[in-house]
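> sequence and computational prediction follow.
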Amino acid sequence: TMGYVYLDHEMYEEAKELFLKALELDTENEAYTAGLYLIAVSKTDDLSKPGYESYIDLAIKQVEDADYAYAYNKKAEVYRGLGKYEEALKYAELSVTCKRERATCFVEYHDGWCEMGHIYREMGEYDKARECYEKALEIFGHHQQYIDLINECKTK
């Protein structure tokens, strides 16, 4: 969780370190951490360098059977980390169009809208990113990160 906080605050080196530790601790590879690790690495290093192949393979393997909102969102994170934005958008869109899951208290999947916003933001499409963050905020209610991202997009 702290790695995610670092990622949200653009503290990529710290995020990489914690996600790497999480990957080491997750011996069953069940926590979907590899995609988040790829995102952090992509902000500080070149993923095509030797040594990252196994993490890329693991990230793709972890999400290959995605068939519900959370898993589609994790698949979108993997492809965003790899810089494959069109593929990432496809899965983020699937995450927000899935039928409501039993374990959620929201009618729609705000995390999917946020992920879609992140993808558009990285693509430099700030108006589309802002719209996605606004939708996430509408679903979630008050969320300071969404508010900050909306304001950032307005200034771009």
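Arrived safely. Residues are numbered from 1 along each chain as shown.

> contacts for the helix or strand encompassing E138, please.
Remark: E138 resides in helix 126-140, with elements defined by DSSP states H and E. Here helix 126-140 makes contact (Cβ atoms under 8 Å, 6 or more residues apart in numbering) with 106-111, 113-114, 116-121, 143, 146-147, 149-150, 153-154, 156. (Each C-beta comes from the backbone N, C-alpha and C, glycine too.)

> of those, select the buried ones using a ChimeraX command.
Per 16 or more other Cβ atoms under 10 Å, the buried members of the contacts of helix 126-140 correspond to this ChimeraX selection:
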select :108,109,110,111,113,114,116,117,118,119,120,121,146,149,150,153
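
> picking that back up, can you list the buried residues in the helix holding E138?
126, 128-137, 139-140.

> packing partners for the helix or strand where G3 lies?
Assigned by DSSP H and E, G3 belongs to helix 2-8. The contact analysis (3 or more Cβ pairs under 8 Å, 6 or more residues apart in numbering; DSSP states H and E) places helix 2-8 against helix 12-25, helix 33-42.

> now the farthest one out in the chain, which residue is it?
Most distant residue from the mean C-alpha position of the chain: P50, 23.5 Å away (Cα atoms, centre = their mean).

> how much space between the residue nearest to the spatial centre of the chain and S42?
The chain has E77 as the residue nearest its centroid, 3.7 Å off, counting by Cα atoms, centre = their mean. For E77, the distance to S42 (Cβ to Cβ, to the nearest Å) stands at 11 Å.
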